[in-house]
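>>> Give me a model of this one.
(one chain, ligands or ions: 2)
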Amino acid sequence: MNIEMDKSENQELIELIELVSRLKKENEQLIIRVNELEEKLNIQQNSLLNNNTNSKLKESVLQKTITFDKALPTETPIYKDLTLAEYMLYGRQLILPDLGKSGQLKLKNTSILIVGAGGLGSPAAIYLAAAGVGKLGIVDYDKVEKSNLHRQIIHNETREGISKAQSAKMTIEGLNSLCNCVAYEILLDSLSALEIVQQYDIVVDATDNVATRYLLNDACVISGKPLVSGSALRMDGQLTVYNYKGGPCYRCLFPKPPPPESVLNCADGGILGVVTGVIGCLQALQAIKIATENDESPNNLLIFSATSYPLFRSIKLRSKKKDCVICGDHPSITKLQDYVQFCGSGALDKSPSVKELGREDRIEPKVYHSLRNETPHVLIDVRETVQYDICSLPSSINIPLKDLTKRIEDVKKLLETPNTSVYVICRLGNDSQHAVNILKNYLKGEVKDIIGGLYKWSLEVDQEFPIY
Ligand SMILES: Nc1ncnc2c1ncn2[C@@H]1O[C@H](COP(=O)(O)OP(=O)(O)OP(=O)(O)O)[C@@H](O)[C@H]1O
Ligand SMILES: [Zn+2]
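Numbers count the residues shown, from 1 in each chain. Ligands and ions are numbered 1, 2, ... in the order given. Predicted structure coming up:
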């Protein structure tokens with residue numbers, strides 16, 4: 001009798017598991033379909049707005065768009081107890097004296113906004129959802145790319161091309177269905193930031209650009225939210241909390257943005273995935289400490305370097321500036337600004353294309369290909385040696401841009417006659433233009449850069465040449 005009951009119970013359980021897994025798959029497919037339709041809708045709405053002079057019609061389209069966006073967020077209720085499922089899920093951390101049941105309840109009643117579902121946002125979102133944060137908002141305008149998966153571990157190969165915000169939401173729902181996850185597939189800007197930030201208790205800056213850093217700082221100061229800020233590049237990373245417990249804001253420390261050309265991004269500088277993992281996890285930890293009121297004095301800048309010992313250093317931050325333009329005693333900034341103009345670049349300006357040379361100093365990859373074996377010339381590759389070692393064109397000579405001026409004599413020795421042509425190549429066609437401008441000061445013959453660099457070479461001449 002008992003065995004019979006066990007069997008039917010088992011059967012029921014198996015059916016339930018199968019049903020849940022089938023529904024989850026259907027849900028994923030529906031989200032992908034909704035994404036496609038939304039994209040189509042956006043294109044049609046934009047073309048209607050751009051090509052139509054009827055202002056009434058435009059107004060009604062805009063109103064519909066706004067209602068559609070506003071329908072997404074949901075209110076987080078205040079919970080006074082944990083459910084039986086939650087005791088089981090969080091048992092291992094519930095028994096920590098530093099957390100306990102009261103800490104877990106605080107997490108359940110906390111909402112956290114993560115801006116950026118990339119290298120930092122991936123681990124931050126995963127750990128915060130797993131820890132039992134009640135509501136997680138995830139903002140990202142971008143789509144999943146395979147070249148990001150070495151660090152953006154919340155996504156996976158099958159999600160290539162779909163919205164990062166939606167992909168993150170799918171992973172979170174599969175990890176902890178109790179977490180109320182809201183995906184915002186938007187570019188957070190001065191028009192959208194305040195309305196969203198105000199709905200959350202803590203904001204995690206997991207983005208990669210200066211304009212969004214200032215935007216989030218100002219939105220957090222104006223709405224009184226702590227900002228857990230992280231950054232990572234190459235083998236190094238940093239963590240700071242701004243606007244918390246009377247501490248400084250980002251503008252107190254950095255009143256002026258750095259010149260846009262001095263800011264290096266991951267695509268150009270490189271990044272070890274695990275470094276963003278370390279910083280993203282620390283951001284999650286910091287957000288948990290704020291949510292559970294376990295943080296006495298976080299006003300430090302934590303610096304991590306994977307190549308030095310000790311791996312971590314901590315620097316005490318200056319205190320809040322009395323004359324800070326946004327958090328000081330008499331703020332002159334009381335609403336969000338135009339951050340793209342303020343910083344000279346925006347979230348979308350990833351690897352801007354340099355236009356330093358005129359057409360006469362440039363050559364298309366296909367044209368260079370056609371003369372490559374016919375005309376005597378020298379091909380200089382000005383990428384860093386580490387990149388040259390990844391892949392290079394046969395017969396090219398590697399002289400990194402930073403060494404070019406001091407190696408001019410080496411270049412001259414390579415020329416058969418003083419008038420031998422020199423072509424310059426790099427990864428994307430930006431550094432090669434700087435190099436041509438340098439070389440023209442010293443050489444008599446023709447000096448040209450190969451437009452679009454090895455990237456364009458791979459697309460237009462040799463599809464077997466690696467893109468990295
Ligand atoms: N203002 C913004 N609004 C929404 N998402 C943003 C904003 N600024 C940056 N992001 C997102 O933050 C994430 C940062 O991730 P990460 O630093 O890993 O770089 P990435 O842009 O994905 O990578 P790569 O530069 O190598 O292509 C990106 O997914 C990006 O789309
Ligand atoms: Zn300030």
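
>>> helix or strand right after the helix or strand bottoming out on mean pLDDT in the chain?
The weakest-scoring helix or strand in the chain, judged by mean pLDDT, DSSP states H and E, is helix 55-70 (a mean of 50). Moving toward the C-terminus from helix 55-70, the next helix or strand (DSSP states H and E) is helix 84-94.

>>> And the helix or strand following that following helix, what's buried?
Proceeding N to C from helix 84-94, the next assigned helix or strand is helix 100-108, under DSSP H and E. Within helix 100-108, the residues that count as buried by 16 or more other Cβ atoms under 10 Å are G103, Q104, L105, K106, L107, K108. (Each C-beta comes from the backbone N, C-alpha and C, glycine too.)

>>> out of those residues, which touch ligand 2?
Among the buried residues of helix 100-108, no residue sits close to ligand 2 (Cβ under 5 Å from the ion).

>>> want to throw the residues you listed into JSON lines with distance to S458?
What follows is the buried residues of helix 100-108, written out as JSON lines (distance: Cβ to Cβ, whole Å):
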{"residue": "G103", "distance to S458": "52"}
{"residue": "Q104", "distance to S458": "52"}
{"residue": "L105", "distance to S458": "55"}
{"residue": "K106", "distance to S458": "52"}
{"residue": "L107", "distance to S458": "48"}
{"residue": "K108", "distance to S458": "50"}
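
>>> Including distance to V263 and pLDDT, could those residues go into CSV?
As requested, those are exported to CSV (distance: Cβ to Cβ, whole Å; pLDDT from 0 to 100):
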residue, distance to V263, pLDDT
G103, 38, 97
Q104, 40, 98
L105, 41, 97
K106, 37, 97
L107, 35, 98
K108, 39, 97
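
>>> Tell me the one of the residues you listed nearest ligand 2?
Proximity of the buried residues of helix 100-108 to ligand 2 (Cβ to the ion) peaks at K106, which lies at 27.2 Å.

>>> wait, doesn't the closest one sit right on N294?
No: with contact defined as Cβ atoms under 8 Å, K106 does not reach N294; the gap is 9.3 Å.

>>> about what we covered before: tell me the one of the buried residues of helix 100-108 nearest G91?
Nearest to G91 among those: Q104, at 9.9 Å, using Cβ to Cβ.

>>> Next, the contact list for the closest one, please.
Going by Cβ atoms under 8 Å, 6 or more residues apart in numbering, Q104 touches L82, E86, Y90, Q93, L94, G132.

>>> Weed out the non-buried ones from these.
Using 16+ other Cβ under 10 Å as the threshold, L82, E86, Y90, Q93, L94, G132 are the buried ones among those.

>>> Find the pair from these with maximum spatial separation.
Most distant of the buried ones among the contacts of Q104, by Cβ to Cβ, are L82 and Q93, 12.0 Å apart.

>>> residues in contact with the residue in the stretch 101-250 of the chain that ligand 2 sits nearest to?
At 3.3 Å from ligand 2, C249 is the closest residue in the stretch 101-250 of the chain, using Cβ to the ion. Residues near C249 by Cβ under 8 Å, 6+ apart: N217, C220, V221, L227, Y242, N243, K320, C324, I326, C327.

>>> Pick the one among these closest to P258.
When these are compared against P258 (criterion: Cβ to Cβ), the nearest one is N217, at 14.6 Å.

>>> so that closest one makes contact with T240?
No: between N217 and T240 there is no contact under Cβ under 8 Å: 10.8 Å.

>>> Give me the below-cutoff pLDDT ranges for the stretch 51-200 of the chain.
Filtered on pLDDT under 70, the stretch 51-200 of the chain yields the residue ranges 51-77.

>>> Can you report how many residues neighbour the residue in the chain positioned nearest to ligand 1?
Using Cβ to the nearest ligand atom, the closest approach of the chain to ligand 1 is made by G118 at 1.9 Å. Per other Cβ atoms under 10 Å, the neighbour tally for G118 reads 23.

>>> List the contacts of it.
Neighbours of G118 in contact, by Cβ under 8 Å, 6+ apart: D140, D142, N148, R151, Q152, K164, A206, T207, D208, T276.

>>> cool, and V228?
So V228 contacts I202, V203, V204, D205, L239, V241, Q283, Q286, A287, I290 (Cβ under 8 Å, 6+ apart).

>>> same thing with K225?
The contact partners of K225, taken as Cβ under 8 Å, 6+ apart, are V197, Y200, D201, I202, V203, A219, N243.

>>> and stretch 343-359, how far out from the chain's middle?
Distance of stretch 343-359 from its chain centroid, counting by Cα atoms, centre = their mean, to the nearest Å, is 18 Å.

>>> cool, stretch 344-361 as well?
Worked out by Cα atoms, centre = their mean, stretch 344-361 lies 21 Å from the chain centre.

>>> same check, this time on stretch 289-301
25 Å.

>>> Equivalent analysis for stretch 346-366, please.
Here stretch 346-366 is found 24 Å from its chain centre; the criterion is Cα atoms, centre = their mean.

>>> Look at the nearest residue to V340 once chain neighbours are set aside and give its secondary structure.
Once flanking residues are discounted, V340 sits nearest to G346: 3.7 Å by Cβ to Cβ, 6 or more residues apart in numbering. Secondary structure state of G346, per DSSP: H, G, I helix; E, B strand; the rest coil, is coil.

>>> same thing with the one 10 residues further on?
When classified by three-state DSSP, E356 comes out as coil.

>>> I'd say it and A435 touch.
No: judged on Cβ under 8 Å, E356 makes no contact with A435 at a distance of 10.0 Å.

>>> Compare those two (neighbour count), which wins?
Applying other Cβ under 10 Å to E356 and A435 shows that A435 carries more neighbours, namely 25 against 14.

>>> Mind checking what helix or strand follows the strand or helix carrying that one in sequence?
Taking DSSP H and E as the criterion, A435 maps to helix 431-440. Per DSSP H and E, the first helix or strand lying C-terminal to helix 431-440 is strand 447-450.

>>> for that next one, packing partners?
Other elements packing on strand 447-450 under the criterion 3 or more Cβ pairs under 8 Å, 6 or more residues apart in numbering; DSSP states H and E are strand 362-363, strand 421-425, helix 431-440.

>>> out of the ones you listed, deepest packed?
Most buried of the helices and strands packed on strand 447-450, by mean neighbour count (mean count of other Cβ atoms under 10 Å): strand 421-425, with a mean of 24.

>>> Adding neighbour count, distance to L302 and pLDDT, write the contacts of C249 out as CSV.
As requested, those are arranged in CSV below (neighbours: other Cβ atoms under 10 Å; distance: Cβ to Cβ, whole Å; pLDDT from 0 to 100):
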residue, neighbour count, distance to L302, pLDDT
N217, 25, 18, 98
C220, 29, 19, 98
V221, 22, 21, 98
L227, 25, 15, 98
Y242, 28, 13, 97
N243, 27, 17, 96
K320, 18, 19, 94
C324, 21, 22, 98
I326, 22, 23, 98
C327, 24, 21, 97
